[in-house]
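Participant: using only what follows, build the 3D model:
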Amino acid sequence: MTQFNPGDRVRVREDFPPGHIRTPVYVRGKTGVVKRKFGVFPNPELLAIGRDGMPAKALYEVRFRQKDLWPDYSGSGADTLDIDIYEHWLAKL
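Facilitator: This next block holds a predicted model:
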């Protein structure tokens, strides 16, 4: 299990597996910053297919700059979006 800390720069895994996936497509392959750790919970991707969700996974709040998510974004360069992402989708930079 990888542990991330607030302030860590992370990249979201760029993967498109079938099934119930909680990680939005528009953040896959993108870089953000961990803001906080919520705790450890059963994996919802496994719960959705009737399994027990084990092993449990840490859930993090990750902040992305809007202009990094959408190249044609015309708002302020300071605008951000925070998304909850499970650890198995993240890699530390």
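Participant: the bottom helix or strand of the chain by mean pLDDT?
Facilitator: Counting by mean pLDDT, DSSP states H and E, the weakest-scoring helix or strand in the chain turns out to be helix 44-47, with a mean of 92.
Participant: what comes up buried for that one?
Facilitator: For helix 44-47, a neighbour-count test (16 or more other CB atoms under 10 Å) marks E45, L46 as buried. (C-beta placed from N, C-alpha, C; glycine too.)
Participant: would you mind writing the CA trace of that helix as CSV?
Facilitator: This file holds the C-alpha atoms of helix 44-47, laid out as CSV (Å, rounded to 0.1, in the frame of the first residue of the first chain):
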residue,chain,number,x,y,z
PRO,A,44,-16.0,0.5,-4.2
GLU,A,45,-14.9,-1.0,-7.5
LEU,A,46,-15.0,-4.4,-5.9
LEU,A,47,-18.1,-3.7,-3.9
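Participant: and it, how far out from the chain's middle?
Facilitator: A distance of 15 Å separates the centroid of the chain from that of helix 44-47, by CA atoms, centre = their mean, to the nearest Å.
Participant: check stretch 57-77 too.
Facilitator: On CA atoms, centre = their mean, the centre of stretch 57-77 falls 11 Å from the chain's centre.
Participant: wait, isn't R22 in contact with I83?
Facilitator: No. Contact criterion CB atoms under 8 Å: R22 and I83 do not qualify, at 9.6 Å.
Participant: higher neighbour count, the two?
Facilitator: I83 (19 against 14; other CB atoms under 10 Å).
Participant: check contacts around the more buried one.
Facilitator: By CB atoms under 8 Å, 6 or more residues apart in numbering, the contact set of I83 is P24, V27, G32, E61, V62, F64.
Participant: now do the strands in this structure.
Facilitator: Per DSSP state E, the chain carries strands over the ranges 9-12, 31-41, 57-65, 80-86, 90-92.
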